[in-house]
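Peer 1: Please work out how this folds:
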Amino acid sequence: MTAAPDEPALRNPGASRRSILGGLASACALAATRSGTAHAGPRSIVYSGPFIPLWPGAAPGATAEAPIRAIEQRSSDANFDDRWVTGIATPTLEVRRPAYQDGSAVVIVPGGGYGFLSVDNEGEEQARWLSERGVTCFILYYRLPQEGWKNQAVVPLQDIQRAIRVIRARAGEFGVDPARVAVLGFSAGGHLAGSIATRFDERVYTPVDTADNQSARPALVGMIYPVVTLARPFAHAGSRDALLGPASSSAARKAGSIENRVARDTPPVFLAAASDDGLVPIANSVAMYGAMLANERPVEFHGFDKGGHGFGSRLPKEIPAHAWPDLFYAYGRRQGVYTA
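Peer 2: Now for the predicted structure:
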């Protein structure tokens, strides 16, 4: 069964992603402060689907007033898309099935400081690239914690656990090997990717059907310029406050820091970040790398000199960080996830 998301409302652009995410640290109020530029990938249909709803009914923690779907088209170029999505009342997977399938699957997790989803720069473009290599892609439209959900700190984790279980339960339908389901997350989506890598077996919702008998452990996790720690001095305060609330305790921040949760069953992790990232310091990736090494888990880390934050797959070829998709794919092949 497929379902399309709510009809979007389009808004006009105005400031950069960096200024928006920085503003989250002080306000966590995104709607009035968005704008920007965009530069990559052919313009696509706004909803090209199919979309698979994650939950058979209302999502866990739903309240009487559901958030209203809205899309901000931040590109002023008619040839390119750069959409930011809010108002995720019905979390879904957008399925991108290639003509040739190698049997692998990737759940792509857009970033946005847990306040919006950057679905083109950190979703559609990577799905297009991976699909060309035979990978079946699922772009995750996960719920945003501050949009009125109960128990907001686990709302995104509920959705990504459920997403992996649904894919595995319907693997035959999608043409994928349930043992070869990976996750690729960006920025705050990288934090969510790290969360599923380290909390895949944590019970954060009551099972709703037989799909919840499936494991939520990914075969591989990619974390691109990720938020990792929620503790000072390297936390991205906007993502932390959107997830935990602005008055979160030190214990909650410690519990939400991915580097503290790495264990001997954490799946292989690929990390890529830039030293000149002024929004989410590369120290986040360094912390994750160190935790993986300390627990003797497979890990590959690429720390680039230039790239900043939020570069997606859009860097020019003269910037070495532009090569991270090839490096991620090569690592996945060595881990037995990709075979094409």
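Peer 1: Hmm, Asn295 is touching Arg261, no?
Peer 2: No - between Asn295 and Arg261 there is no contact under C-beta atoms under 8 Å: 10.1 Å. To be clear about C-beta, it is placed using only N, CA and C from the backbone, and glycine gets the same treatment.
Peer 1: confidence score at Thr2?
Peer 2: We have a pLDDT of 40 for Thr2.
Peer 1: ugh, wrong one, I meant Glu296
Peer 2: Glu296 is given a pLDDT of 99.
Peer 1: go on, Thr37?
Peer 2: With respect to pLDDT, Thr37 scores 30.
Peer 1: try Thr63
Peer 2: Residue-level pLDDT assigned to Thr63 equals 90.
Peer 1: ok, now the one 3 residues further on?
Peer 2: In this prediction, Ala66 carries a pLDDT score of 91.
Peer 1: What of Ile167?
Peer 2: Per the predicted model, pLDDT is 99 at Ile167.
Peer 1: now the one 5 residues further on
Peer 2: We have a pLDDT of 97 for Gly172.
Peer 1: starting at the chain centroid, how far to the helix or strand where it lies?
Peer 2: Assigning secondary structure by DSSP states H and E places Gly172 in helix 171-174. Remark: helix 171-174 is offset 22 Å from the chain centroid, using C-alpha atoms, centre = their mean, to the nearest Å.
Peer 1: Tell me the buried residues in that helix?
Peer 2: 171, 174 (16 or more other C-beta atoms under 10 Å).
Peer 1: who's in contact with the spatially most central residue of the chain?
Peer 2: The centre of the chain sits closest to Val109, judged by C-alpha atoms, centre = their mean, with a distance of 2.1 Å. By C-beta atoms under 8 Å, 6 or more residues apart in numbering, the contact set of Val109 is 122, 140, 142, 160, 183-186, 189-190, 192-193.
Peer 1: Does anything pack onto the single longest helix found in the chain? Which helices or strands?
Peer 2: For the chain, the helix that runs over the most residues, judged by DSSP state H, is helix 155-169. When contacts are defined as 3 or more C-beta pairs under 8 Å, 6 or more residues apart in numbering; DSSP states H and E, helix 155-169 sits against strand 92-96, strand 105-109, strand 136-141, strand 181-186, helix 188-199.
Peer 1: where are the low-confidence patches of the stretch 201-340 of the chain?
Peer 2: For the stretch 201-340 of the chain, applying pLDDT under 70 flags no range at all.
Peer 1: at 90 what do you get?
Peer 2: 314, 340 (pLDDT under 90).
Peer 1: Do a quick rundown of the helices in it.
Peer 2: In the stretch 201-340 of the chain, the segments counted as helices under DSSP state H, counting those that start in this stretch are 237-244, 250-255, 283-294, 324-334.
Peer 1: Nearest to Tyr100 among these would be which one?
Peer 2: When the helices of the stretch 201-340 of the chain are compared by C-beta to C-beta, helix 324-334 sits nearest Tyr100, at 15.2 Å.
Peer 1: Can you name every helix or strand that that closest one contacts?
Peer 2: Against helix 324-334 (3+ C-beta pairs under 8 Å, 6+ apart) you get helix 125-131, strand 220-224, strand 269-274, strand 299-304.
Peer 1: Now tabulate the ones you listed in a markdown table and tack on mean neighbour count and distance to Gly57.
Peer 2: Output for the helices and strands packed on helix 324-334, formatted as a markdown table (neighbours: other C-beta atoms under 10 Å; distance: least, C-beta to C-beta, whole Å):
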| stretch | mean neighbour count | distance to Gly57 |
| --- | --- | --- |
| helix 125-131 | 21 | 27 |
| strand 220-224 | 29 | 29 |
| strand 269-274 | 27 | 34 |
| strand 299-304 | 19 | 38 |
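Peer 1: Adding distance to Ala211, write the ones you listed out as CSV.
Peer 2: Below are the helices and strands packed on helix 324-334 laid out as CSV (distance: least, C-beta to C-beta, whole Å):
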stretch, distance to Ala211
helix 125-131, 22
strand 220-224, 21
strand 269-274, 25
strand 299-304, 30
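Peer 1: of these, which approaches Tyr329 most closely?
Peer 2: Closest to Tyr329 of those, according to C-beta to C-beta: helix 125-131, at 7.5 Å.
Peer 1: tell me what the closest one is packed against?
Peer 2: Going by 3+ C-beta pairs under 8 Å, 6+ apart, helix 125-131 lies up against strand 92-96, strand 105-109, strand 136-141, helix 324-334.
Peer 1: List of residues touching the third one?
Peer 2: Which is strand 136-141. By C-beta under 8 Å, 6+ apart, strand 136-141 touches 5, 51-52, 85, 88, 91-98, 101, 104-110, 117, 119, 123-124, 126-127, 130-131, 159-160, 163, 167, 174-176.
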